[in-house]
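**Q** let me see the structure of the following:
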Amino acid sequence: MKNVFTLTVILFSLLVTAQSQYEKGMEKAMKLWGEGKIVEASNLLERIAVAEDDNWIPYYYVAMVNTSASFGEKDDTKLKQQLDKAKEFVDIAKNLSPDNAELLILEAMTNTAWIAFDGATYGMTLSGKNTQLYAKAMQLAPENPRVVLSKTEWDMGSARYFGKDTAPYCLDIEKAVELFTTFKPSEEPYYPDWGAERAQEVLAECKA
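**A** Below you'll find the model as predicted:
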């Protein structure tokens, strides 16, 4: 009995240590990202993902860091490296966590970065894909504020492109703002929680 108790204590201690190392690593990666050290943040997140190979969240952040850095990037070689890596890690994360709305909207963001870089080349093939991704995300998680916000911004962008009024979409932005105040995210450490400030910005533009 004593041996069983001792083994339990050892296993618990190892689990706590591993969790602590994971959270310390993620905290450092988030700090690097916040400082604009994209390569360093991405590399650290990759190492964490390898160590936590059954956890979709570090893979998510590798893709997010590389995708967000690609908006406004003019160097096509650098852009391709970042977005290819983002797509690779999104795909791995989707295998680990199928039917995950957070990953679907991240994949759509990666596509949007390509479209923003060269709409003539990528708009035709990726716009329809994004529409499908956002539709599926809405089916899976209609009360997730990031899903509502991201889909609505995509719809507003499409409306602007075709010269249509974006005002009807402002009701959906209001809904996203409300959902950010009531949505209960997963308690997983570093579960995505972005978007509330952006929703307020878009709502302010609607009211301007």
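**Q** name the element Glu188 belongs to?
**A** According to DSSP states H and E, Glu188 maps onto no helix or strand at all.
**Q** could you report the neighbour count for the spatially closest residue to it that is not a sequence neighbour?
**A** Spatial nearest neighbour of Glu188, chain neighbours left out: Ile57 (6.4 Å); criterion: Cβ to Cβ, 6 or more residues apart in numbering. Every C-beta, even on glycine, is put in place using the N, C-alpha and C of the backbone. Using other Cβ atoms under 10 Å, the number of residues around Ile57 comes to 22.
**Q** ok, Ile57 - contacts?
**A** Neighbouring residues of Ile57 by Cβ atoms under 8 Å, 6 or more residues apart in numbering: 26, 188-191.
**Q** list buried members of the residues you listed by neighbour count.
**A** Among the contacts of Ile57, those classed as buried by 16 or more other Cβ atoms under 10 Å are 26, 190.
**Q** just the contacts of Ile57: which has the poorest pLDDT?
**A** Minimum pLDDT for those is recorded at Glu188 (86).
**Q** distance-wise, check that residue relative to Gln139.
**A** 22 Å (Cβ to Cβ, to the nearest Å).
**Q** same check on Glu201?
**A** 27 Å.
**Q** that older thread, secondary structure class for the residue nearest to Glu188?
**A** helix (DSSP: H, G, I helix; E, B strand; the rest coil).
**Q** ok, Asp99 next?
**A** Applying three-state DSSP: Asp99 is coil.
**Q** just to revisit the earlier point, out of the contacts of Ile57, which is nearest to Ala135?
**A** Tyr191 (23.0 Å; Cβ to Cβ).
**Q** list the contacts of the closest one.
**A** 57, 102, 185.
**Q** list just the nearest of the contacts of Ile57 to Gly128.
**A** Tyr191 (29.4 Å).
**Q** just the residues contacting stretch 124-132, thanks.
**A** 108, 111-112, 114-115, 154, 158.
**Q** cool, stretch 71-91 as well?
**A** 42, 46, 49, 59-60, 62-64, 66-67, 69-70, 103, 106-107, 110, 113-114, 116-117.
**Q** any weak-confidence spans in this protein?
**A** Judged by pLDDT under 70, the chain has its weakly predicted residues at 1-19.
**Q** quick one: the helices in it?
**A** For the chain, applying DSSP state H gives helices covering 2-34, 38-51, 56-70, 76-96, 101-117, 119-140, 145-161, 170-182, 196-207.
**Q** tell me the contacts of the spatially most central residue of the chain?
**A** Central residue of the chain (Cα atoms, centre = their mean): Leu106, 4.2 Å from the mean position. Leu106 is in contact with 60, 63-64, 67, 90, counting by Cβ under 8 Å, 6+ apart.
**Q** for those residues, name the two members farthest from one another.
**A** It's Tyr60 and Thr67 that sit farthest apart of the contacts of Leu106, by Cβ to Cβ, at 10.4 Å.
**Q** done for today, thanks.
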